[in-house]
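Undergrad: With the sequence up front, the predicted model follows.
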Protein chains: 2
Amino acid sequence: MAKMRKPIPVEEAISHVWKHRLTGESEHVSINDCDNRRLAEDIIAKHPVPPFPKSPYDGFALRSEDTLEANRHNPVTFKVVEHIGAGQVPEKTLRKGEATRIMTGAKIPDGADCIAMFEICQTYEEDNQSYMTIKRMMDPEQNIIQEGSEVAEGDKLIEQGTKINPGVKAVLATFGYRQVKVAKKPVVGVIATGTELLDIDEELQPGKIRNSNAYMITSQVNRAGGDYKYYGKLEDEFKASYETIKQALEEVDILITTGGVSVGDFDLMPAIYEKLGADVLFNKVAMRPGSVTTVATSGGKILYGLSGNPSACYVGFELFVRPVLHAALYNQNAFLRRVKATLADDFPKPNPFTRFVRSYLTYENGKVYANLAGMDKSNVVTSLAHTTCLMILPGGTRGFKVGDDVEVVLLEDQEGQDEFQLT
Amino acid sequence: MAKMRKPIPVEEAISHVWKHRLTGESEHVSINDCDNRRLAEDIIAKHPVPPFPKSPYDGFALRSEDTLEANRHNPVTFKVVEHIGAGQVPEKTLRKGEATRIMTGAKIPDGADCIAMFEICQTYEEDNQSYMTIKRMMDPEQNIIQEGSEVAEGDKLIEQGTKINPGVKAVLATFGYRQVKVAKKPVVGVIATGTELLDIDEELQPGKIRNSNAYMITSQVNRAGGDYKYYGKLEDEFKASYETIKQALEEVDILITTGGVSVGDFDLMPAIYEKLGADVLFNKVAMRPGSVTTVATSGGKILYGLSGNPSACYVGFELFVRPVLHAALYNQNAFLRRVKATLADDFPKPNPFTRFVRSYLTYENGKVYANLAGMDKSNVVTSLAHTTCLMILPGGTRGFKVGDDVEVVLLEDQEGQDEFQLT
């Protein structure tokens, strides 16, 4: 009855999909719209930072050699020849015995080689002329922020593929990027299949449930940096399903269907792959949930058949779709970041296959703890709301106990890592 | 020269601002636009999940009492009277000796009280009638997912203030929320001040730098869940600055200015607060960077005077603005999440005041490490690009070494915590 399928290990499944990952494309967006996008190019310093030597304090710019004789008993007096704030350009070149009153961030005048902070200076006026006196020796370059001391022209500052956060945006502004070259968002088609599915605004009917997988996936696509195109839900009817899927494949970079991939009497996806002439990379993975996850390629597009079961669908997306999207976003660390943690709850079930358990992280005294997000029945949608990571329990293990070491993959982390290897 | 200001501790400054936090307002958005917004109400189960008893497997629904005699040597035969897939409604009530062929997710027919998986059944046809035989006894309720076994009607599933992630969105879809009641985004006005500032697309000029703070802050506002309104950059000129700030205060919930809050000759903000009749909550905080951070209230609005120094500006936003925005977003944990970590780099500088060091987290063997994001000069904008947390080094401490215990506040975490107390 059930056609036999050969389950393959998770790592092998991921590496099959990875071979078909998307190539990145770029586009320009206004800096005002670049938050959370990923850079399509390295950001190189177009000029030194700071671009001119400047003062870190409010004080007086002067020539340090003029203070050689200054000490507690011998104040040295300077004539204040100019007064500049940040953004004003000093016009006077300082000569012997002259000083410029200067504010934080202002350009150091020619001739000056140090800044004396207000706190160590005395000032007075005489005949409408300002003077300042100083009772200590200054060193050459003291309190000067030198041109290029933060960043030299040509320095590589930020890597291609980096997500644009507030700090990255500040760097882009510093170098005048009004337009930012970012990775184009891959377009992911989403189709939910299943005669049991109601539209979101339909009243419940006997035997039916509302379509939640499609909405969940659109949100996963957004989180992973893609754009989605939702094609609605399909009844388990071959001809209409085939036509919609065939059409959608022409319009998107990746197509995800949910449901219909198992071996039930109304599971149509295998026959649809066949009619499409799609190359099925795998149709069974040695994992829970999501063992029926199927990935195929057709006409250069990747076609994901995720389980109709919400948790399996969720896990299938993160393991198999997310890395491909991140590859298209130029992220050099396209895979989920994996960290070790201590188990905070008992998990008594045995694990015949690699299990991905919906979890969230807590921190205590410098250690990381993995907590169960809820019941781990694969049909429990509500626990997904609290999920921020997936705990990986290796296949062939028995239950786990509080305090055991486990590994988790982080779902809301923006860094990722450059390979996926289960230990 | 420098007017004396009395620095107050960071916790005290935060608690002053917190007293003036915004009250949340709500609005409805389409479920298609709700990603990353925060819920303005608790989500309560409108119906049980699942809403009807259903099958977890492909198999046969039958009456367990009919299998009482079944064993390896005595197969019991059932007449298959119906065939239903998920979403189809069983019409036949099972009588003695009858079974329904049923697919995963389909509603259990009346009369049936268990599901026998395909794997343990034999089927055959005779005279165009399907039969199945079973060689083992079934228990009542075996393999039945009972109505409400995941969630009972009326259960509180998700708290007000929760950020909408893929799992939350799935729950919203499950319960038919086409429109979602979310927190309105507070509007944050942003004004950069400083004669030294160039617009982002201007060529560099001597003594001037491009305005990066305003762009950085708009990104911080986005990350914190607010909307921004950018009023451009102002020269250090009193009248125009006063007018713009006064006007902006009428149009936004919160107004942030950068620069002009120190005691330099061209720092206008103190005089502007005075002319506005604003109530200055504090104008000096015992912290680095950002000691000159000023917060005032005027006409029920909060007016932040952040430092013009990029890192000080950044830190000031996260410590003082973010919690107020999160309060308006109904987040019960409006403060930055604080965790313990092990220092991964030496930090030799002494800390006369509480210091917030730009850092990022790494994980190793179940432990959390805080790494320096770059040079920690307060004028170094580039290290902000790599910052995901701020390390807190208590005032009155000397340098710290690799392996020391430190605390960090997480900037990209979505949970936060319900109070801010430095230890």
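TA: Cool, got the structure. Residues are numbered from 1 along each chain as shown, chains lettered A, B, ... in the order given.

Undergrad: and the lowest-mean-pLDDT helix or strand in chain A, what does it pack onto?
TA: When the helices and strands of chain A are scored by mean pLDDT, DSSP states H and E, strand A:156-158 comes last with a mean of 92. Contacts defined by 3 or more Cβ pairs under 8 Å, 6 or more residues apart in numbering or on different chains; DSSP states H and E place strand A:156-158 against strand A:43-44, helix A:166-174. All C-beta atoms are positioned from the backbone trio N, CA, C, and that covers glycine.

Undergrad: For residue A:28, find the nearest of these.
TA: Set against residue A:28 and scored by Cβ to Cβ, these come closest in helix A:166-174, at 12.1 Å.

Undergrad: For that closest one, which outside residues touch it?
TA: A:31, A:34-35, A:39, A:43, A:49, A:157-158, A:162, A:164, A:180, B:200, B:209-220, B:223, B:310, B:314, B:381-387 (Cβ atoms under 8 Å, 6 or more residues apart in numbering or on different chains).

Undergrad: List the buried residues for the helix or strand following that helix?
TA: The element immediately downstream of helix A:166-174 (helix or strand, assigned by DSSP states H and E) is strand A:179-183. Across strand A:179-183, burial judged by 16 or more other Cβ atoms under 10 Å in any protein chain shown covers A:180, A:181, A:182, A:183.

Undergrad: residues in contact with the third one?
TA: Contacts here follow Cβ under 8 Å, 6+ apart; on that basis residue A:182 touches A:26, A:27, A:28, A:29, A:34, A:37, A:38, A:39, A:40, A:164.

Undergrad: Out of the residues you listed, which are close to chain B?
TA: The subset of the contacts of residue A:182 within reach of chain B, counting by Cβ under 8 Å from any Cβ of the partner chain, consists of residue A:164.

Undergrad: Drop anything exposed from the contacts of residue A:182.
TA: If we count by 16+ other Cβ under 10 Å, the contacts of residue A:182 have these buried: A:34, A:37, A:38, A:39, A:40, A:164.

Undergrad: Which residue ranges of chain A form helices?
TA: Along chain A, the segments classed as helices by DSSP state H run A:10-18, A:166-174, A:213-223, A:238-251, A:269-276, A:310-316, A:322-328.

Undergrad: Quick one: those helices as a markdown table, columns for mean neighbour count too.
TA: A markdown table is the format used below for the helices of chain A (neighbours: other Cβ atoms under 10 Å in any protein chain shown):
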| stretch | mean neighbour count |
| --- | --- |
| helix A:10-18 | 18 |
| helix A:166-174 | 27 |
| helix A:213-223 | 26 |
| helix A:238-251 | 15 |
| helix A:269-276 | 18 |
| helix A:310-316 | 28 |
| helix A:322-328 | 24 |
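
Undergrad: Need those helices in CSV (columns: mean pLDDT).
TA: What follows is the helices of chain A, written out as CSV (pLDDT from 0 to 100):
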stretch, mean pLDDT
helix A:10-18, 96
helix A:166-174, 97
helix A:213-223, 98
helix A:238-251, 97
helix A:269-276, 96
helix A:310-316, 95
helix A:322-328, 97
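
Undergrad: Out of these, which gets nearest to residue B:135?
TA: Closest approach to residue B:135 among the helices of chain A is made by helix A:269-276 (29.8 Å; Cβ to Cβ).

Undergrad: which strands and helices sit next to that closest one?
TA: Secondary-structure packing of helix A:269-276 (3+ Cβ pairs under 8 Å, 6+ apart): helix A:238-251, strand A:294-298, strand A:301-306.

Undergrad: Mind putting those into CSV with distance to residue B:342?
TA: Below are those laid out as CSV (distance: least, Cβ to Cβ, whole Å):
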stretch, distance to residue B:342
helix A:238-251, 49
strand A:294-298, 40
strand A:301-306, 39
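
Undergrad: List, one by one, the residues from the stretch 201-350 of chain A near chain B.
TA: Contact residues (Cβ under 8 Å from any Cβ) of the stretch 201-350 of chain A with chain B: A:201-202, A:204, A:206-220, A:222-223, A:235-236, A:262-266, A:308, A:310, A:314, A:339-342.

Undergrad: Let's see that with 7 Å instead.
TA: Applying Cβ under 7 Å from any Cβ of the partner chain, one finds that the stretch 201-350 of chain A approaches chain B through A:201, A:204, A:206-212, A:215-216, A:219-220, A:222-223, A:236, A:262, A:264-266, A:310, A:314, A:339-342.

Undergrad: circling back to that earlier point, can I get the helices of chain A in TSV with distance to residue A:149?
TA: Formatted as TSV, these follow (distance: least, Cβ to Cβ, whole Å):
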stretch	distance to residue A:149
helix A:10-18	43
helix A:166-174	14
helix A:213-223	39
helix A:238-251	52
helix A:269-276	60
helix A:310-316	49
helix A:322-328	35
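
Undergrad: between those helices, which gets nearest to residue B:320?
TA: Across these, residue B:320 has its closest neighbour in helix A:166-174 (15.1 Å, Cβ to Cβ).

Undergrad: Against residue A:285, how distant is residue A:5?
TA: Residue A:5 is 10 Å from residue A:285, where distance means Cβ to Cβ, to the nearest Å.

Undergrad: For these two, indicate the residue with more neighbours.
TA: Taking neighbours as other Cβ atoms under 10 Å in any protein chain shown, residue A:5 and residue A:285 compare with residue A:285 leading, 26 against 17.

Undergrad: can you pull up the bridge partners for that one?
TA: With DSSP bridges as the criterion, residue A:285 is bridged to residue A:8.
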